[in-house]
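Novice: Below is the sequence, then the predicted model.
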There are 2 protein chains.
Amino acid sequence: MKNEKEFVKDITNIDENFAQWYTDIVLKAELADYTSVKGFVAIRPYGYEIWENIQNYADKKFKEHGVKNVSMPVLIPESLLNKEKEHVEGFAPEVAWVTVGGGEELEERLCVRPTSETIFSTMYSKWLSSWRDLPFLYNQWCSVLRWEKETRPFLRSREFLWQEGHTIHETEEEAKQFTLNMLDVYADVIENLLAIPVLKGRKTKKEQFAGAEATYTVETLMHDGRALQGGTSHYFGQNFTKPFEVKFQNRNGEQEYAYQTSWGISTRLIGAVIMAHGDNRGLKLPPNVAPIQVIIVPIAQQKEGVLEETNKLKEKLSKKFRTKIDDRDNYSVGYKFNDWEMKGVPVRIEMGPRDIEKGEAVLVRRDNAEKITVKIDNIEEEIRNVLNDIQKSMYDTCKKRMEEKTTIALNLEELKKNLDENQGFVKTMWCGSTECEDKVKEETGAPSRCIPFEQEHLSDTCVCCGKPATKMIVWGRQY
Amino acid sequence: MKNEKEFVKDITNIDENFAQWYTDIVLKAELADYTSVKGFVAIRPYGYEIWENIQNYADKKFKEHGVKNVSMPVLIPESLLNKEKEHVEGFAPEVAWVTVGGGEELEERLCVRPTSETIFSTMYSKWLSSWRDLPFLYNQWCSVLRWEKETRPFLRSREFLWQEGHTIHETEEEAKQFTLNMLDVYADVIENLLAIPVLKGRKTKKEQFAGAEATYTVETLMHDGRALQGGTSHYFGQNFTKPFEVKFQNRNGEQEYAYQTSWGISTRLIGAVIMAHGDNRGLKLPPNVAPIQVIIVPIAQQKEGVLEETNKLKEKLSKKFRTKIDDRDNYSVGYKFNDWEMKGVPVRIEMGPRDIEKGEAVLVRRDNAEKITVKIDNIEEEIRNVLNDIQKSMYDTCKKRMEEKTTIALNLEELKKNLDENQGFVKTMWCGSTECEDKVKEETGAPSRCIPFEQEHLSDTCVCCGKPATKMIVWGRQY
């Protein structure tokens, strides 16, 4: 048996070394593990269930918008990847190439998809003929490969799981609107399922997706004040439909190129959940996405009737909550408490002989360690209320942090000072030039996060060059 | 508008050229399409929804057996693939190799997974320490690559979607039992969801999975009498756990290698549905797996009230059935009837002004073209009954065909004659030698399907060599 006093010491202090804390949580909460290929992880059941919960929630929302799932090939011929100039420049350096198949050198090498705009566009060109066929609203859940140099589980890995939606539309307006609708779905997933508030906006030209006309983003803030991009939705205009000949006969009988979007969220969101909510006790999962919402720990389980009653309770609660009982006989209750706290289970129920006698149980919250005694008769209602309260309270805590860590800077010195002291989002005015954007990033280490939809007038001049400002922008160092 | 009389002519006659009929259905029912890479298909929404229904059904059953989903890397280092001798001999010739990543030649080439025994075994070796950890019951839904020479959508493609379950157990008995439990799940999926009866049995040594101790199979029979392997479940014993060092401290405190299984079903099952049930009108989908169970076709939809009433009906039926309304205004009802028959929708509802007046609708079955007039008031119950009846009737039809096409042969001539006249399953006695198995396959073109669990005594001697027989075996030409 593990020494209980040592338990929490296994996890690095969150404020001393956040990066090491993160790795400790990923491994010790058994979310994922390293494999023998650098940058490729195995997602373990506990981590994968979080992903399944994200999938189920998002997939339902997509389908409410008329989106259908499909499956496209994992391999893309080099000639296809090369068709859109900015796209290939953006992705070619970081792809993996298949050069041999079935024992023979291939005539044309095939890349393992880093994203599938090229293959969707090719198929759309084959399937589209009239405006009556539109829109095509397709999505796939799959894995993609990007040969990153620095890798970290969930946050940046050479393979990651995601969904990529690809749609084509009859008009520019409809396509632009759909891009924003999908951004709203992402905000919904991240705020309501993952309890993390988002900042919505548009990426700058420099930061947008390779080949896009416009990239929209939902940005989040982690425990240490660094930013993490939660999901992006891209409007392509006709950038792909022209080279890929995705055209249709419009209502006037003329040939027209379709208007396109794509949008994605990935297993990065698991990294966001870890880093937005975790603490020195370990992972802290929002109830809506937690694989286990209620863990029952029997007290003095060797005593008569305890396992019987706790198992009865488990059956009852399983009908309404994702419930598990920990009746391992080779661990103490103290060890179990630590273990499930570390795994971030929102509610723990303790029940021993005396509780059973009184028809009660003890309910302990993971988020604030609060203990309450509840009657078994109305325990379901109590748990429902507590889970709702935890979900809300976790969101509010993150929201408060985001507000505290969102500052304003009027010049480069202030911007740098704010970031050094506080990290977070720093709002400034901006002239709109990539030169200033480059300079800010170089001097502060913070790329632009986005041009927020909700604009404010902070001053008349650009934070960098002092020339007239055209918009407010937000900066932040990132994951 | 398409010439309606020509409609069915677009599909090749099923009894004249079954292979071409199959391709016609795949393309014209918009289940899948060819892509620019040979052997790789795009699965379109209508085909993918069939797969989603299979996934949901099977995944629920797996989880009832305690199985958890995970995600393992798509790339496997060559050295790992090489660890189990029979396995590498079986798979190495048909893998695709990644040799370049991030612009650089890789030190060790990586194959795109053809199956993941090697990678699961590697991780299990890392995660397993005590008998208390066991069993590990993990599964993943993913795509795999096998560089086949001849390819056909769903049936044999270089990439296919599947699930691969990989488990390890404390004892041989438990692992063997789990192998059979998963075979039962496959039989359940294929019989109850896809309405195709199965023959259960064990594969011969020659036909078993590369590296397995025993392979169990559920075999099905298609429209033309050819066999299709529906799913397989493998018992590995310690064949992988020894070279991969997957060991644990057993209850006696000794180190022991775990006992392993793996099992898979794939998008081949979509091919099975097409070929088991289809006819000259097109696809015919069992209600339980059909993406659209009820198609509503408004009659004289330009008349007042028709679209309003049919849409009301659609809202009502959508609560209980997967329902769609076809209110396209640029196609005739005749075209629509053909179109949805071709797409295999089990029930069509026709409703026009006179039906509305009488509070009625016409219900047409896809399986036998039967038309009945039903009252709108109890239409849900009528549809429920008809869908159940179609599901059962489609199963019964397949079952009858399988029985008719299952014959007995006492010698090689009979075996060949039965296959030439009838295809189907041919039962014979067998001495158990691979020499006889090779000879039968060479002379008849039929590999062994399986050694059925339900054994019969047909004679005393082997169908091939005439020496004493040890078991009954079943042969059949295959897809």
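Specialist: Received the coordinates, thanks.

Novice: remind me which residues of chain A are low pLDDT?
Specialist: Low-confidence regions of chain A, defined by pLDDT under 70, span residues A:1-9.

Novice: Break it into its domains for me.
Specialist: A:8-277, A:294-401, A:406-475 (automatic domain parsing).

Novice: Straight-line length of the second one, end to end?
Specialist: Domain A:294-401 stretches 27 Å from its first residue to its last (Cα to Cα, to the nearest Å).

Novice: Can you list the helices and strands that the top helix by length along chain A packs against?
Specialist: The single longest helix within chain A, with elements called by DSSP state H, is helix A:379-404. Helices and strands touching helix A:379-404, by 3 or more Cβ pairs under 8 Å, 6 or more residues apart in numbering or on different chains; DSSP states H and E, are strand A:214-221, helix A:268-277, helix A:306-318, strand A:347-351, strand A:360-365, strand A:371-375. The C-beta positions use only the backbone N, C-alpha and C, and glycine is treated the same way.

Novice: among these, which is nearest residue B:219?
Specialist: Set against residue B:219 and scored by Cβ to Cβ, the helices and strands packed on helix A:379-404 come closest in helix A:306-318, at 37.4 Å.

Novice: In its sheet, which strands sit next to the very next helix or strand once past the longest helix of chain A, and in what direction?
Specialist: Sequence order places strand A:406-408 as the next helix or strand after helix A:379-404, per DSSP states H and E. Applying DSSP bridges, strand A:406-408 is found paired with strand A:425-430 (parallel).

Novice: Run a quick neighbour tally on the nearest residue to residue A:84 once chain neighbours are set aside.
Specialist: With sequence-adjacent residues excluded and distances taken as Cβ to Cβ, 6 or more residues apart in numbering or on different chains, residue A:84 is closest to residue A:211, at 5.0 Å. Summarising burial for residue A:211: neighbours were counted as other Cβ atoms under 10 Å in any protein chain shown, giving 25.

Novice: what's near enough to touch residue A:211?
Specialist: Residue A:211 makes contacts with A:84, A:86, A:87, A:90, A:117, A:236, A:239, A:240, as judged by Cβ atoms under 8 Å, 6 or more residues apart in numbering or on different chains.

Novice: Please apply the same query to residue A:446.
Specialist: A:415, A:419, A:426, A:440, A:475, A:476, A:477, A:478.

Novice: from these, which is closest to residue A:140?
Specialist: Set against residue A:140, the nearest of those by Cβ to Cβ is residue A:478 (26.8 Å).

Novice: What's the local residue count around the residue nearest to that closest one when sequence neighbours are not counted?
Specialist: Closest residue to residue A:478 apart from its sequence neighbours, by Cβ to Cβ, 6+ apart: residue A:227 at 4.6 Å. Number of residues near residue A:227 (other Cβ under 10 Å) recorded here: 24.

Novice: so residue A:227 makes contact with residue A:477?
Specialist: Yes: using Cβ atoms under 8 Å, residue A:227 is in contact with residue A:477, at 6.8 Å.

Novice: got the residue ranges for the strands in the stretch 201-350 of chain A?
Specialist: A:214-221, A:227-237, A:247-249, A:255-257, A:259-266, A:294-298, A:323-325, A:347-351 (DSSP state E, counting those that start in this stretch).

Novice: who does the fifth one touch, helix- and strand-wise?
Specialist: Pointing back at strand A:259-266 there. helix A:117-127, strand A:159-169, helix A:172-188, strand A:227-237.

Novice: how about a cut-off of 10 Å?
Specialist: helix A:45-64, helix A:117-127, strand A:136-145, strand A:159-169, helix A:172-188, strand A:214-221, strand A:227-237 (3 or more Cβ pairs under 10 Å, 6 or more residues apart in numbering or on different chains; DSSP states H and E).

Novice: report the angle between the axes of that strand and strand A:159-169?
Specialist: Counting by axes from the mean of the first three to the mean of the last three Cα atoms, to 10 degrees, strand A:259-266 lies at 160 degrees to strand A:159-169.

Novice: Restricting to C-alpha, output strand A:259-266 in PDB.
Specialist: C-alpha atoms of strand A:259-266 as PDB (Å, rounded to 0.1, in the frame of the first residue of the first chain):
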ATOM      1  CA  TYR A 259     -18.500  29.600 -50.500                       C
ATOM      2  CA  GLN A 260     -16.700  27.500 -47.900                       C
ATOM      3  CA  THR A 261     -16.100  27.100 -44.200                       C
ATOM      4  CA  SER A 262     -14.200  24.800 -41.900                       C
ATOM      5  CA  TRP A 263     -14.100  24.500 -38.100                       C
ATOM      6  CA  GLY A 264     -12.500  22.300 -35.500                       C
ATOM      7  CA  ILE A 265     -12.100  21.400 -31.800                       C
ATOM      8  CA  SER A 266      -9.700  18.800 -30.600                       C
END
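
Novice: And the contacts of stretch A:375-384?
Specialist: By Cβ atoms under 10 Å, 6 or more residues apart in numbering or on different chains, the surrounding residues in contact with stretch A:375-384 are A:287, A:293-294, A:309, A:312-313, A:316-317, A:319-321, A:323, A:346-347, A:349, A:351, A:355-356, A:358-361, A:363, A:372-374.
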